[in-house]
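Novice: Need a 3D model of the sequence below.
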Amino acid sequence: MTRILAIIPARAGSKRIPGKNLKNFLGKEIISYPIKALLAVNDIDTVIVSTDSEKIKSIALNYGASVPFIRSKKNSDDFATTFDVIEEVLSNCDRNFDLVCCVYPTSVFVTSNMLSEAIQVLQSNATASSIASVLEYSHPIQRSLIRKDGFLVSNHPECYNMRSQDLAVNYHDAGQFYIFKPDVVMTEKRLITDACIPFVINPNDAHDIDTIDDWKLAELKYKFKTHKVNK
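Specialist: The predicted structure follows:
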C-alpha cells in the first residue's frame, strides 16, 4: 500500500496580507480548507502543517492536522523556499513515505477529488516522479511583448503572423499543489522534477491570493463556484 504524507507550509510572517494563513475566508480560517480537503483523501496517511506559529499550530490541530514540531527560524524567513520546508519536514519524520503531497495554505479551491485524481494519474505512470497543478496561459506567450527604448518589441517575431491555434500551448505553475516521490525531489532539490506530469486545472479552480483585492475576488469566485455546484 502506498504511504502518502501531506504537508502544508504555513508560516506566520505574511507581509502583504498580515495573518494571511489564519484570516477568515467566508466564515472559516483559510488554512482549514486545504486541511479538510487533504483529510478527506483516503490515500493520505498523515497531514502535517509546517509552521513557526503557535497560533497556526493550535488552529491546525483543531482541524485535525498534525504539527509535530515548530519550524526552524532558518526556514521561516522571506528567503526560505518551499523545498527548504519540505526537506525540514522529511528530516524530522520517523517514517518513510512513497509520495508527498504539498498543498499551500490558501489553496481554497483544491478538493479531495482533485487530489485523488492527481495521485492516481501519478501512480499510473511508472516513469513520472511528480505531478503539479498548472494553468494554461490565457493568451499565447509567443505573442508576448517587451518594452525596448520606449517602444513595444515582440519576444517571438517569428510567430507574429501565425494563427493562435497553430501556436504551442504553454503552462505556468498554478501554485496549488505538488505530489512527488520524495527521494527524487531530495536529489533534484525542486518540487517540479525532470519527469513531472502537468495536472491542468480549470482557471476557476485556482486563484493567487497576494493582496486584499485578490482575497475579495477569491471569495466572490468561491461563492460563485459553490453556488453553481449546489444549484
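
Novice: Helix or strand: which one has the nearest residue to L26 once chain neighbours are set aside?
Specialist: Nearest in space to L26, with sequence neighbours left out and distances taken as CB to CB, 6 or more residues apart in numbering, is E219 at 5.6 Å. Just so you know, the C-beta spots here come from the backbone N, C-alpha and C atoms, and that holds for glycine as well. Assigned by DSSP states H and E, E219 belongs to helix 212-230.

Novice: Quick check, central residue of the chain?
Specialist: Q176 (2.4 Å; CA atoms, centre = their mean).

Novice: mind checking how far Q142 is from V169?
Specialist: 10 Å (CB to CB, to the nearest Å).

Novice: higher neighbour count, these two?
Specialist: Q142 (19 against 9; other CB atoms under 10 Å).

Novice: Residue ranges in this protein under the pLDDT threshold?
Specialist: Applying pLDDT under 70 to the chain flags the ranges 228-231.

Novice: mind listing the strands in the protein by residue range?
Specialist: Secondary structure of the chain (DSSP state E): strands at 4-9, 24-25, 28-29, 44-50, 99-103, 130-136, 145-148, 151-154, 171-180, 196-200.

Novice: didn't the residue nearest to the centre of the chain look like it was pressed against T111?
Specialist: No - the criterion here is CB atoms under 8 Å, and Q176 misses it with T111 at 10.4 Å.

Novice: What values do phi and psi take at the residue of the chain most remote from its centre?
Specialist: Ranked by distance from the centre of the chain (CA atoms, centre = their mean), the top residue is D149, with 37.5 Å. Note on D149: backbone dihedrals following degrees, to the nearest 10 are phi 50, psi 30.

Novice: That one and R143, how far apart?
Specialist: D149 is 20 Å from R143, by CB to CB.

Novice: ok, now W215?
Specialist: From W215 to R143 the distance is 30 Å (CB to CB).

Novice: And these two? Which one has more around it.
Specialist: W215 (19 against 15).

Novice: I'd assumed K23 was in contact with the more buried one.
Specialist: Yes - if you go by CB under 8 Å, W215 and K23 touch, sitting 7.4 Å apart.

Novice: Check the contact lists of those two and give me the overlap.
Specialist: Contact criterion CB atoms under 8 Å, 6 or more residues apart in numbering; residues shared by W215 and K23: I17.

Novice: circling back: isn't the residue nearest to L26 right next to G27, touching?
Specialist: No - the pair E219 and G27 fails to qualify as a contact (CB under 8 Å) at a distance of 10.1 Å.

Novice: Looking at those two, which one has more neighbours?
Specialist: E219 (16 against 6).

Novice: so how far is K36 from that one?
Specialist: Relative to K36, and taking CB to CB, E219 is found at 17 Å.

Novice: again with N42
Specialist: From N42 to K36 the distance is 14 Å (CB to CB).

Novice: okay, these two: which has more neighbours?
Specialist: K36 (16 against 8).

Novice: Name the nearest residue to the more buried one, ignoring sequence neighbours.
Specialist: That would be Y63: by CB to CB, 6+ apart, it lies 6.7 Å from K36.
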